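A.B. asks: Provided below are the primary sequence and the corresponding predicted coordinates.
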Amino acid sequence: MPRTLKPRTRKAADWTADVRFYEYTKAADPKMPAVPFAVLSSELTEVGKTRIIPFDLSAQLQCDGPATTPNLMASFVRIAAGEKVRTDVDATSQLFYIVRGKGRTSCEHGSIQWNEGDLFVLPATGKVAHTAAATPGNDVAIYWVHDEPLLHYLGVTPHEPRFKPTLFRKDRLTQELTAVASEPGAENRNRRGILLGNAATPLTLTISHTLWALLNVLPAGVVQPPHRHNSVALDLCIDAAPGTYTMIGAKLDRAKRAVIDGTRAEWVPGCAFVTPPGLWHSHHNESTKDALVLPIQDAGLCTYMRLLDIQFA
Ligand SMILES: [Fe+2]
């Protein structure tokens with residue numbers, strides 16, 4: 001039986017109050033706050049109580065919530081032996097890399113044990129609990145990157161997981177990296193590394209539909225020439241000796257394949273730094289020790305939007 005709608009009187013709304021107009025040439029390319037170069041020191045994970053250490057650049061970015069880049073938030077998580085930290089964000093993708101220590105992570109999707117060098121991604125989920133094993137001296141450090149700033153900007157919460165929890169064990173990462181790095185001609189490639197993929201992303205070939213992760217070896221004495229892309233990189237230095245660094249800048253000497261007037265980002269094991277979008281960046285290892293870096297980017301999203309625009313010098 002059809003429902004009878006009761007007639008209701010409604011006050012007329014004023015939907016014109018927020019109207020604005022801009023002359024085209026003055027507003028077509030608004031000056032946005034730049035994504036800054038910044039460093040999060042590894043020392044923060046080595047002292048103090050169990051806590052989350054945010055890499056929050058929201059003031060510079062003029063975001064109204066915590067953010068390291070417009071789309072992503074990076075943090076360190078420090079957990080003392082036997083203690084627990086809960087992480088709870090509205091994100092479609094969360095990546096955790098175990099910088100140091102061993103322990104366990106549990107969420108609605110299940111529970112896993114992890115050790116130093118393991119990496120995993122979680123889809124949309126409720127609270128996540130990370131517990132450090134109660135072994136004396138087991139001070140855990142985790143690098144944690146997620147896309148809550150993007151969802152906050154959109155004013156949304158995720159309503160379904162878009163991929164399955166995916167765990168990359170250290171021994172498998174090392175095996176795959178060694179295989180790729182020792183292929184003939186590997187020394188001539190722009191980067192000597194493995195992109196971490198996921199069965200859920202056959203188009204973008206990325207670790208999740210928004211996140212991208214690369215494990216890149218920078219051998220002793222080697223320069224990896226510049227490239228640029230529109231995604232923002234949140235680089236974690238896993239291993240390096242003094243004299244290993246990234247040069248980041250807007251100008252390129254194409255003949256020399258070198259960044260001009262760049263900023264030098266030192267690779268200190270356990271530290272993280274931002275490589276802003278659109279800037280050329282080259283990696284330099286003037287030490288006698290091979291180095292390893294883990295850049296995490298919003299390149300899953302940028303690739304899907306056909307906006308990555310990666311260019312090589
Ligand atoms: Fe890059």
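C.D. replies: Noted; the coordinates are in hand.
A.B. asks: and for Ala17, the neighbour number?
C.D. replies: Around Ala17 sit 6 other residues, with neighbours defined as other C-beta atoms under 10 Å. Every residue, glycine included, has its C-beta placed from N, CA and C.
A.B. asks: for Gly103, that is, sorry about that
C.D. replies: Other residues close to Gly103 by other C-beta under 10 Å number 24.
A.B. asks: now the residue nearest to Pro36 when sequence neighbours are not counted: how far from Ser287?
C.D. replies: Leaving aside its sequence neighbours, Pro36 sits nearest to Gln60 (C-beta to C-beta, 6 or more residues apart in numbering; 5.0 Å). Applying C-beta to C-beta, to the nearest Å, the value for Gln60 to Ser287 is 31 Å.
A.B. asks: who has more neighbours, the two?
C.D. replies: Ser287 (17 against 13).
A.B. asks: the more buried one against Tyr245, yeah?
C.D. replies: No - checked against C-beta atoms under 8 Å, the pair Ser287 and Tyr245 is beyond contact range at 9.9 Å.
A.B. asks: which ones are touching the residue nearest to Thr206 when sequence neighbours are not counted?
C.D. replies: In space, and not counting its chain neighbours, Thr206 is closest to Gly300: 3.7 Å by C-beta to C-beta, 6+ apart. Going by C-beta atoms under 8 Å, 6 or more residues apart in numbering, Gly300 touches Ser93, Thr201, Thr204, Thr206, Ile207, Ser208, His209, Thr210, Leu211, Trp212.
A.B. asks: doesn't Gly300 lie inside a helix?
C.D. replies: Yes - according to DSSP: H, G, I helix; E, B strand; the rest coil, Gly300 belongs to a helix.
A.B. asks: what about the helices in the stretch 101-250 of the chain?
C.D. replies: Per DSSP state H, counting those that start in this stretch, the stretch 101-250 of the chain carries helices over the ranges 148-154, 170-181.
A.B. asks: for the last one, what is the average pLDDT?
C.D. replies: Averaging pLDDT along helix 170-181 gives 95.
A.B. asks: which residues are in contact with that helix?
C.D. replies: For helix 170-181, contacts defined as C-beta under 8 Å, 6+ apart pick out 115-119, 186, 192-194, 196, 215, 217, 219.
A.B. asks: just the C-alpha atoms of it, please, in CSV.
C.D. replies: Coordinates of the C-alpha atoms in helix 170-181 are reproduced here as CSV (Å, rounded to 0.1, in the frame of the first residue of the first chain):
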residue,chain,number,x,y,z
LYS,A,170,62.6,-10.0,5.3
ASP,A,171,64.2,-13.2,3.9
ARG,A,172,61.9,-13.1,0.8
LEU,A,173,62.6,-9.4,0.3
THR,A,174,66.3,-10.0,0.5
GLN,A,175,66.1,-12.9,-1.9
GLU,A,176,64.1,-11.0,-4.5
LEU,A,177,66.3,-7.9,-4.1
THR,A,178,69.5,-9.9,-4.5
ALA,A,179,68.1,-11.6,-7.7
VAL,A,180,67.1,-8.3,-9.3
ALA,A,181,70.3,-6.4,-8.3
